[in-house]
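Colleague: Fold the following for me, if possible:
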Amino acid sequence: MSQRISRRSSKIITAVALMAATASALALPAHAAPATTYAAPPAHSAAASPGFLSDVRIATHFDLDARQMPENIALLPDGTADVTFAAARQVARITPRGATRVLATLPAPADGGVNTPALRFPLTTGIVHAPDGATYVLYATGTADLTGLWRLRPGHAPKRIAALPADGLPNGLALDRHSKRLYITDSVLGTIWTVPLSGGRPTAWSTAPELASTDFLGANGAKVHDGALWVTNLDKGTLLRIPIRHGNRAGKPQVRATGLVGIDDFAFTGRGNEVLATLNAPNKVVRIQPDGTSTTVLDAGDGLQNPTAVALRGTEVYVLSAAYTTAADPNLLRARLHRHHG
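Modeller: Below is the predicted model:
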């Protein structure tokens, strides 16, 4: 890392390193010191579940000096991936061949984002595509003028369409295509907000205690699946299912899996309630069965560097690694899923 880049990033690195030191489970801590070398992982990891994933490879390497630490991902039908670069305040597009192009950079807060809760730097987090062709992104800055839900349309500047509390940290973003509503997890306030695709004033959908943090970040990843909103809690290491009741009311959270230290984002494999989930600090992707049991299917030996998000398009698996603490190689890993594997 160049001296110029190191000076520019020092505030982010220092603030997040201090937070990481007090957190029992890490989701978004940045690297504490720049790495001077990076050793490529072995071609095969012994942790991988035989017959479940194959053709595991790093498809794209990102630029750590440019703060390209990928946080969340949304896939297009052709295999193109749109990602948020947390510390760069950017949304970027990754082509199927691995080329990276920045689509938008969100405006920097006047105070530099030093009041962003938990992390002390502004960051882009959740991202989803909608049927109307727009892309929706979450942005946390610790300031009332910028924190919230943003919409990106081709040929237009990014626009905030829903303000969220400046003292919160909007993180996970999920779309219910049937009701055309977005659900937003707040990792600091322990709240799930809901907003229509058209934007407007958010409604607190759930403030259940299962969403609260214990000392760092609580409610995190979010997906709508089979009549419910599924959510992870990073501090508590849990996967929750919250039924979506009539009238868009939140049901009582059901704990579906526990013991998942550092759980961040997740995706359903297409086999009922089976899930692939990223464990950030442990550098793992785990397969969670409907009964709550889990098995490691990817680890650092496969190239994971603080994995933050996972997505599936057909049988293709995409995993983002942000290298927040490893400080070596933020990347996009791809693999092939075999659903017939028991």
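Colleague: Would you mind confirming that Ile244 makes contact with Val231?
Modeller: No. Contact between Ile244 and Val231 fails when scored by C-beta atoms under 8 Å: they sit 11.9 Å apart. Quick note: C-beta positions are derived from backbone N, CA and C, even for glycine.
Colleague: Compare neighbour counts for these two and give me the winner.
Modeller: More crowded of Ile244 and Val231, by other C-beta atoms under 10 Å: Val231, with 27 against 21.
Colleague: quick one: contacts for that one?
Modeller: 172, 185, 192, 211, 219-222, 239-240, 242, 253 (C-beta atoms under 8 Å, 6 or more residues apart in numbering).
Colleague: how many neighbours does Pro209 have?
Modeller: 8.
Colleague: next one: Glu71
Modeller: 26.
Colleague: So it sits against Leu119, correct?
Modeller: No. Using C-beta under 8 Å, Glu71 makes no contact with Leu119, being 11.3 Å away.
Colleague: still on that earlier bit, save the contacts of Val231 as JSON lines, and put in secondary structure too.
Modeller: Output for these, formatted as JSON lines (DSSP: H, G, I helix; E, B strand; the rest coil):
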{"residue": "Gly172", "secondary structure": "strand"}
{"residue": "Thr185", "secondary structure": "strand"}
{"residue": "Ile192", "secondary structure": "strand"}
{"residue": "Leu211", "secondary structure": "helix"}
{"residue": "Ala219", "secondary structure": "strand"}
{"residue": "Asn220", "secondary structure": "strand"}
{"residue": "Gly221", "secondary structure": "strand"}
{"residue": "Ala222", "secondary structure": "strand"}
{"residue": "Leu239", "secondary structure": "strand"}
{"residue": "Leu240", "secondary structure": "strand"}
{"residue": "Ile242", "secondary structure": "strand"}
{"residue": "Pro253", "secondary structure": "coil"}
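Colleague: What segments of the stretch 1-150 of the chain are helices?
Modeller: For the stretch 1-150 of the chain, helices defined by DSSP state H, counting those that start in this stretch occupy the ranges 3-22.
Colleague: my guess is Asn220 contacts Lys236, does it?
Modeller: No. Using C-beta under 8 Å, Asn220 makes no contact with Lys236, being 10.1 Å away.
Colleague: which of the two has more neighbours?
Modeller: The residue with more neighbours, out of Asn220 and Lys236, is Asn220; 30 against 23, by other C-beta under 10 Å.
Colleague: quick one: the more buried one from Leu138, how far?
Modeller: 12 Å (C-beta to C-beta, to the nearest Å).
Colleague: Tell me the predicted confidence for the residue nearest the centre of the chain.
Modeller: Geometric centre of the chain, nearest residue: Asn72, 3.8 Å, by C-alpha atoms, centre = their mean. With respect to pLDDT, Asn72 scores 98.
Colleague: Who does it form a beta bridge with?
Modeller: Thr84 (DSSP bridges).
Colleague: again with Ala335
Modeller: Bridge pairing for Ala335 - DSSP bridges - gives Val317.
Colleague: tell me the contacts of it?
Modeller: Per C-beta under 8 Å, 6+ apart, neighbours of Ala335: 53-57, 298, 316-317, 319.
Colleague: Mind checking which of these are in strands?
Modeller: 53-57, 298, 316-317, 319 (DSSP state E).
Colleague: Go through those residues and name the one nearest Val275.
Modeller: Nearest to Val275 among the ones in strands among the contacts of Ala335: Val317, at 12.2 Å, using C-beta to C-beta.
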